[in-house]
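1. would you be able to build a 3D model of this:
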Amino acid sequence: MVSEHGKAGRPRSEQARAAILHAVDDLLVDVGYGAVTLKGIAERAGVSRQTIYRWWSTKAEILLEASAIDARQELDIAPQDGPVAEITAYLDALRTFLTNSDAGAAYRALLGEAQHDSAVRELLLSSDPIGDSAATVLSRALPDDVLALPRSRAVSSLVGPTFFWVLSGRDPAAMNTHDLALEFIRTAAPSHASD
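-> Model prediction:
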């Protein structure tokens with residue numbers, strides 16, 4: 001087990017917290033959302049369940065935090081040359097996150113669970129790492145004064161097709177992110193459709 005106290009009696013909380021966040025991703029990939037338990041997370045992380053309860057009440061809370069940390073890193077794309085390149089790069093990163101990342105698998109599992117668990121649905125409504133990352137890219141690529149849609153609707157329009165493609169089981173490699181970016185810009189910012 002990870003010691004909760006350092007040599008001088010200081011809490012080693014960050015080490016335990018990181019172990020828990022890594023363990024939940026690993027468990028999800030190994031056994032699936034339904035089989036992940038707080039006991040299993042504690043065992044995989046080498047901590048007590050009491051340590052888990054210090055920060056979280058449910059496995060969904062742990063999964064969302066782990067997923068959000070990775071989403072912020074994986075969806076933080078470098079600025080590109082022009083709106084089409086910016087949106088295309090973001091959609092490429094989103095597709096990769098949702099299909100190849102353990103954190104993306106956790107996020108997809110939470111989305112599925114939210115369809116019939118109101119507590120998970122509320123949790124996802126309170127923290128939106130995908131929406132936040134999309135809003136950041138949109139702010140860079142298409143300022144408010146060029147958007148023909150309210151920003152919140154533009155964010156939904158940007159990420160929606162990728163989520164639909166991935167969650168409906170279509171081949172991610174067949175998704176043309178450049179065409180999706182062009183279509184998005186034609187709708188969200190028609191004056192920039194040729195950029």
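
2. next, give phi and psi for the residue lying closest to His178 once chain neighbours are set aside.
-> Of all residues not flanking His178 in the chain, Thr88 sits nearest, at 4.9 Å (CB to CB, 6 or more residues apart in numbering). For the C-beta atoms, the positions are set from N, CA and C on the backbone; glycine is no exception. Main-chain torsions, Thr88, degrees, to the nearest 10: phi -60, psi -50.

3. what about Thr88, how many neighbours?
-> 23 (other CB atoms under 10 Å).

4. what's the pLDDT at it?
-> Predicted confidence (pLDDT) for Thr88: 97.

5. I'd say it and Asn176 touch.
-> No: when contacts are counted by CB atoms under 8 Å, Thr88 is not listed as touching Asn176 (9.5 Å).

6. walk me through the domains of this structure.
-> Structurally, the chain divides into domains by automatic domain parsing as follows: 13-56, 61-192.

7. ok, residues contacting the helix or strand hosting Leu28?
-> Under the criterion of DSSP states H and E, Leu28 resides in helix 13-31. Identification of contacts with helix 13-31 by CB atoms under 8 Å, 6 or more residues apart in numbering yields 2, 4, 35-36, 40-42, 44-47, 51-52, 54-55, 59, 62-63, 65-67, 69-70, 102-103, 105-106, 109.

8. so the helix or strand following it versus helix 13-31, what angle?
-> Once helix 13-31 ends, the next helix or strand along the chain (criterion: DSSP H and E) is helix 38-45. Orientation of helix 38-45 against helix 13-31 (axes from the mean of the first three to the mean of the last three CA atoms, to 10 degrees) gives an angle of 110 degrees.

9. name the nearest residue to Ala42, sequence neighbours excluded.
-> Arg49 (4.7 Å).
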